[in-house]
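Peer 1: need a structure here:
(one chain, ligands or ions: 2)
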Amino acid sequence: MNKVAVLGSGSWGTALAITLAKKGYDTNIWARRSSLAQELNENKENKQYLPGVVIPNNIYSSADLEKVIHKAKYIVMSIPTHGIREVALQLKNIIKPDSILINTSKGIEPGTLMLQHEVIEEEIPEMYERIALLSGPSHAEEVGKELPTAVVVASRISEVATEIQDLFISPKFRVYTNLDVIGVEVGGALKNVIALATGIADGLGFGDNTKAAIITRGLTEIARIGKKMGANDLTFAGLTGIGDLVVTCNSMHSRNRRAGIAIGQGKKLDTILAEMGMVVEGVRTCKATMELSKKYDVELPISKEVYNVLFEGVTPEKAVVNLMTRLKTHEVESVF
Ligand SMILES: NC(=O)C1=CN([C@@H]2O[C@H](COP(=O)(O)OP(=O)(O)OC[C@H]3O[C@@H](n4cnc5c(N)ncnc54)[C@H](OP(=O)(O)O)[C@@H]3O)[C@@H](O)[C@H]2O)C=CC1
Ligand SMILES: O=C(CO)COP(=O)(O)O
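Peer 2: Numbers count the residues shown, from 1 in each chain. Ligands and ions are numbered 1, 2, ... in the order given. Okay, here's the model as predicted:
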């Protein structure tokens, strides 16, 4: 059986490594701190990021990247997006040409406005045809408990997508394929900004009507900009579009939603991020979203108000007034 390496020892990397190990794959986890690697090996639990889930014996963890990817045909990247470029650079000279890289992170790089597969391709161009994405509505806490979950694997090359579908699929973890790498990545990245918005609404004490409005109009925003970026708009009606948006906007597992709730309750962003102890990808991606809005000349009203609240000192209450008193308009446009 092929060996697998999972880069990133946070909640998602740990849950995916456990999923693969339970399928029988010998799996190595790369942790950037050797103290955490040692803890995973000795305690068989990732207490910091995925407490309560047993790490099987066929998982080995190390902070030595070269050792972790040695003999691995499949390399799963579960690194927060701010670290992807640096890790890709480290991989460049040690990665084997027949391996496949699977990105599982969700975010857009401010400045370059690149999706994660584009960042990886820029650093390791020779991997262009050997990159896949895994995305969809999948909180690590539930995947760790083997609760039924459905996700999507995307690649430009259909044989690669099918190979990675086979790698992950199990009766508890259903995997679909999609060739629309842009749509799959855009949906996963931008839903985090909309989840911040629904969290803010929850924190302000609003109800289900408000949430439904933000999710629905948020999806329109995601599809509007995604289409300009080259996505197939039907992808946004699938698991990595509406699916991931619904789970992130509703689940108390979501770090983005929880950060939004705290903002709506009046807490400061810096304090929230320091207390979370885990990545809140929507904060960084919100900056990129505003840059995308300018680049493509596309209106993204909800994302803009999230940006204003996070970075421009606008109060959540004022942001709501701004959204509710925008010029009246038609609902339907040709995004679907
Ligand atoms: N959690 C989930 O349910 C899901 C998460 N994702 C995505 O997966 C990605 C990873 O998230 P998740 O595992 O949840 O994050 P966590 O916050 O749970 O863990 C982050 C992990 O990444 C490490 N890390 C932080 N910065 C760097 C860096 N610069 N270089 C290398 N490693 C770094 C941390 O190491 P250290 O402990 O040393 O700080 C830690 O092991 C995100 O893009 C997220 O959106 C996707 C689907 C589901
Ligand atoms: O992407 C996720 C679920 O699909 C995880 O969302 P959060 O990063 O908000 O926890």
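
Peer 1: ok, and the closest non-adjacent residue to the residue of the chain found nearest ligand 1?
Peer 2: Nearest residue of the chain to ligand 1: Gly10, at 1.8 Å (Cβ to the nearest ligand atom). No exception for glycine: its C-beta is placed from N, CA and C like everyone else's. What sits nearest to Gly10 in space, not counting adjacent residues and going by Cβ to Cβ, 6 or more residues apart in numbering, is Tyr49, at 4.8 Å.

Peer 1: give the contact list for that neighbour.
Peer 2: 9-11, 14, 140, 278 (Cβ atoms under 8 Å, 6 or more residues apart in numbering).

Peer 1: and with 7 Å instead?
Peer 2: Tyr49 is in contact with 10-11, 14, counting by Cβ atoms under 7 Å, 6 or more residues apart in numbering.

Peer 1: most neighbours among those residues, which one?
Peer 2: Neighbour tally across the contacts of Tyr49 (other Cβ atoms under 10 Å): the maximum, 28 neighbours, falls on Thr14.

Peer 1: how near is that residue to Ala140?
Peer 2: Remark: distance between Thr14 and Ala140 (Cβ to Cβ, to the nearest Å) = 7 Å.

Peer 1: give me the common contacts of these two.
Peer 2: In contact with both Thr14 and Ala140: Leu50, using Cβ under 7 Å, 6+ apart.

Peer 1: circling back: between the contacts of Tyr49, which is closest to Ala237?
Peer 2: Nearest to Ala237, judged by Cβ to Cβ, of these is Ser11 at 27.6 Å.

Peer 1: so for the residue of the chain closest to ligand 1, what's the pLDDT?
Peer 2: For Gly10, the model assigns a pLDDT of 98.

Peer 1: equivalent analysis for Phe336, please.
Peer 2: 53.

Peer 1: how about residues contacting stretch 291-300?
Peer 2: Residues contacting stretch 291-300 (Cβ under 7 Å, 6+ apart): 110, 113, 221, 224-225, 228, 289, 304.

Peer 1: any chance of those in a markdown table with distance to ligand 2, neighbour count and secondary structure as columns?
Peer 2: As requested, those are exported to a markdown table (distance: Cβ to the nearest ligand atom, whole Å; neighbours: other Cβ atoms under 10 Å; DSSP: H, G, I helix; E, B strand; the rest coil):
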| residue | distance to ligand 2 | neighbour count | secondary structure |
| --- | --- | --- | --- |
| Pro110 | 17 | 18 | coil |
| Leu113 | 20 | 15 | coil |
| Glu221 | 17 | 24 | helix |
| Arg224 | 21 | 19 | helix |
| Ile225 | 18 | 22 | helix |
| Lys228 | 23 | 15 | helix |
| Thr289 | 15 | 27 | helix |
| Lys304 | 20 | 21 | helix |
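
Peer 1: just to revisit the earlier point, state the distance from the residue nearest to Gly10 to Pro80.
Peer 2: Remark: distance between Tyr49 and Pro80 (Cβ to Cβ) = 12 Å.

Peer 1: same question, Tyr25
Peer 2: Per Cβ to Cβ, Tyr25 is found 24 Å from Pro80.

Peer 1: Ala15 now?
Peer 2: 15 Å.

Peer 1: so for these two, which residue has more residues nearby?
Peer 2: Higher neighbour count among Ala15 and Pro80: Ala15, with 28 against 17, using other Cβ under 10 Å.

Peer 1: does Ala31 touch Ser9 like I think?
Peer 2: Yes: Ala31 lies in contact with Ser9 (Cβ atoms under 7 Å); the separation is 3.6 Å.
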